[in-house]
Each structure stands twice: as C-alpha cells, then as structure tokens.
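A.B. asks: Sequence first, then the predicted structure:
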Amino acid sequence: MRVIVTGGGTGGHIYPALAIAKGLQSRFNNTEILYIGTNRGLEADIVPKANFPFKAITVAGFQRKLSPANLKVLWQAMQGYQEARAIIKEFKPDVVIGTGGYVCGPVVLAAARRGIPTLIHEQNALPGITNRILSRFVDQVTATFEDSLKYFPKKARVTVTGLPVRPEITQADRSTALQSLNLQQGPLTLLVFGGSRGARRINQAMIEVIREYANDPDIQILHATGQVGYQEFLDQVTRNGMNLDNYVNITIKPYLYNMHEALAAADLVVSRAGAATLAELTVLGLPSILIPYPYAAENHQEHNARALADRGAAILIRDAELTGVKLVQQLKELLDDKKRLQNMSVASKNLGRPEALNDIINCVERILPRRK
Ligand SMILES: CC(=O)N[C@H]1[C@@H](OP(=O)(O)OP(=O)(O)OC[C@H]2O[C@@H](n3ccc(=O)[nH]c3=O)[C@H](O)[C@@H]2O)O[C@H](CO)[C@@H](O)[C@@H]1O
C-alpha cells in the first residue's frame, strides 16, 4: 500500500502523523510512506530522523485580518496546491492522511479532488482551521475528543478515537531507557519540557529547581529547553552563578528526539499541556505538573490540563502564577510523597487511550478501496 501522510508546524501535529504511519506499516505488509510537510516546520527536522522519506511544499499561514500579506499567502497557497498535486500524481497513493497544520490543506484537498481516499485526525477539543475546512471534503474525520464533534459539518463521517501515540512510546523499557540516556537507575527522574518548541517561562522557573536539586542523590532531572531557548537557558544558568558541569544529576538538552526513552525513565513530568503530550502521559500513567500555554487558541491547553487535574492525574499551575519558588514547592510536595505520586499515576492511566492508534488504522482500512 502507498500512503501519503501530512501534518506540520509543531510536534503536536507531526507525532500523531508518524504514529499513524508506523501503525499502518505494522498492520499492512509493504506499506510505503511519503511524508509531505514544509521546510520551515519542525517536520523537516523530525521526519527524516524518523527514517521516513520527506518532501516539502510551499505553504504559508493566513493572517486572521484582511491584509496585503494575505495576497502573497494566497499566491503561495495556490503554488503549494500545484506542488501537492504533482507529488500525488507521481506517488499515486492509495490513501492520504492529514493531522492538521496549514500544510495539510493543499495536500488533502488535492487528494480528495482526485478521488483518493482521505482521512484527517484532529488532536484538540477545539479543531484547527485547516481541519475544519478539510472536514467538508474528506472521507473520514477522526477526533481525540467528543467535544470537537460540534465543529464539524453534520454530513462528515466523524469517529472519536483518541490521539494516537507512537508505538515506541508504549514499548520502551525503563531500565534500558535510563541506561541509554546516561541516567542513574536509583533516583527518581523528573522530566521537564515545554511542548515541541520549548517554553521560556518553564525554562526560567527551572533555574530555581536546578539550584534546589543540584547534586541531590535522590532526584535526577532531564530538561529539554526547546531548540530556540537552549543557549539562552545555558547563559541564564551561568548568570545565576551555577556551573552545570558540577551537577551530575542534571541533564539539559535542546530537544529530545528519543522522547519514548525520556518518558519511560520519568517518574514525574513538568510540561505544557498540548494534546499529544497529554495523550503520551496518560497512556503511560505518568503523573505531571502541567503549565498550560496561555496563548494557544481559545486557551485550549488549559481545558486540556483541567481534564487531567480534575481527575487527580495532574497538578495545574497557571502560567501567570508560575515562579521558580512555586514550582520547587510543588515538586517537593510530590517527590516527597510516593503514595500521592502513585495515586496520580493510576488516575492518569485511567485517562489513557491505548487503543487510539488501532482504532484509527481501522478507520483507514474502512475507507480503502477493496483490495484485490
Ligand atoms: C502553542 C500551541 O498552540 N501548541 C499546540 C501544539 O503544541 P505542541 O507541538 O507543543 O504539541 P504537543 O504538546 O501536543 O506535542 C508535543 C510533541 O512533541 C514531543 N516532543 C516534545 C519535546 C521534545 O523535546 N521532544 C519531543 O519528542 C512530545 O513527546 C509530543 O509528542 O500542538 C498541539 C496538538 O495540536 C496543541 O494541543 C498545542 O496547544
């Protein structure tokens, strides 16, 4: 089978696409995948590292108000559409799958217009603009949350599946992961990251956390700052009079390409509240402190985080209330109380949807033309 997957901009769109690609490969023998993204999105870095062939097209995001810049965007959109058509014509996919982000628009639309079966996945309760438009043209919409159903047209075929996580996320083994990450087997592991692009506010708060836990024999910290904020963070640590070379229990990375290992090693996670991250935390039953990004469309990360916090799976700290001191205080409370961590872990696992990937692959199978 030949499959085009597309989705881009941030990790939250890319990893579900990679999960579906891998799910298809394990269900169907000889599945050939082509990933279409843009050269500017994170996908241009992540997808080749995941060993999938990658092609880029031209796309740009519309500004919400009328502006001359939108004329250029319109031109680029037409160009992107032509490029997508050409790739589809050459690759001849049996099915095209989109997971959101602007790049999905021209690719999925061009496929639908050629009569190729199409499926999209929406990660958030509040669907993105591209998926809302595409839902009118595709054969199947899959969604993470019931709540998003009302945004899709009545005639669309929508199935609530949950959000698919990469198979390696559930397969990684803690002890092997700790070894591969160069971490100790004994101490509790705190994993910190701010979504796929990093979060400056979380990085700032981490200065105090590092000061508190430096060389603590019971705790080790793995912190991904985001590519853009990495150098700034290192400078900030130095300005605060600390030298990371002296702290054996603190590991700082710009980005974790091996998140499956980082999650397998973790006992507690501090992060933003993007939908893909939360699906990963809950499928593994990980307790977390969530600091939702307050500027995500209609504050949807706070809704995401509340779903976990209200059920005892996470502690929510609002971005405006986040300080280093507050984060340290919260961490101390949790890390000193193993019973509480254990209860949060059970609550988290109860929210996980381990069957999401399989359900989506079933949906793909349903829209495939009958195979000889
Ligand atoms: C600011 C904003 O609007 N963010 C949105 C974006 O977030 P963002 O792209 O941050 O998405 P998520 O938090 O959902 O997912 C991040 C993904 O990146 C992975 N990861 C992250 C860091 C790292 O070092 N290595 C790594 O592999 C995580 O494991 C996860 O799979 O898309 C999500 C899904 O549409 C939305 O819910 C978020 O609200």
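C.D. replies: Sure thing, it's come through.

A.B. asks: Going by proximity to the ligand, name the top residue of the stretch 51-200 of the chain.
C.D. replies: Here the stretch 51-200 of the chain gets closest to the ligand at one residue, residue 195, 2.6 Å apart by C-beta to the nearest ligand atom. The way it works is simple: take the backbone N, C-alpha and C, and place the C-beta from them, glycine included.

A.B. asks: and the stretch 251-372 of the chain, which residues reach the ligand?
C.D. replies: Listed as neighbours of the ligand in the stretch 251-372 of the chain under the rule C-beta under 6 Å from any ligand atom: 255-256, 259, 272, 274-277, 280, 293, 296, 300-301.

A.B. asks: Put together JSON lines for those residues, with distance to residue 238 and pLDDT on each row.
C.D. replies: Converted to JSON lines, these look like this (distance: C-beta to C-beta, whole Å; pLDDT from 0 to 100):
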{"residue": "255", "distance to residue 238": "21", "pLDDT": "98"}
{"residue": "256", "distance to residue 238": "22", "pLDDT": "98"}
{"residue": "259", "distance to residue 238": "27", "pLDDT": "98"}
{"residue": "272", "distance to residue 238": "25", "pLDDT": "98"}
{"residue": "274", "distance to residue 238": "30", "pLDDT": "97"}
{"residue": "275", "distance to residue 238": "35", "pLDDT": "96"}
{"residue": "276", "distance to residue 238": "33", "pLDDT": "97"}
{"residue": "277", "distance to residue 238": "29", "pLDDT": "98"}
{"residue": "280", "distance to residue 238": "32", "pLDDT": "98"}
{"residue": "293", "distance to residue 238": "27", "pLDDT": "98"}
{"residue": "296", "distance to residue 238": "31", "pLDDT": "92"}
{"residue": "300", "distance to residue 238": "36", "pLDDT": "91"}
{"residue": "301", "distance to residue 238": "31", "pLDDT": "95"}
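
A.B. asks: Just the ones of those residues in helices?
C.D. replies: 259, 275-277, 280, 300-301 (DSSP state H).

A.B. asks: Leaving out the residues flanking it, which one is nearest to the residue of the stretch 51-200 of the chain closest to the ligand?
C.D. replies: In space, and not counting its chain neighbours, residue 195 is closest to residue 272: 4.0 Å by C-beta to C-beta, 6 or more residues apart in numbering.

A.B. asks: Next one: that neighbour from residue 282, what distance?
C.D. replies: Applying C-beta to C-beta, to the nearest Å, the value for residue 272 to residue 282 is 15 Å.

A.B. asks: Same check on residue 194?
C.D. replies: From residue 194 to residue 282 the distance is 19 Å (C-beta to C-beta).

A.B. asks: wait, the residue nearest to residue 195 sits on residue 200?
C.D. replies: No - look at residue 272 against residue 200 with C-beta atoms under 8 Å: they stay out of range, at 11.3 Å.
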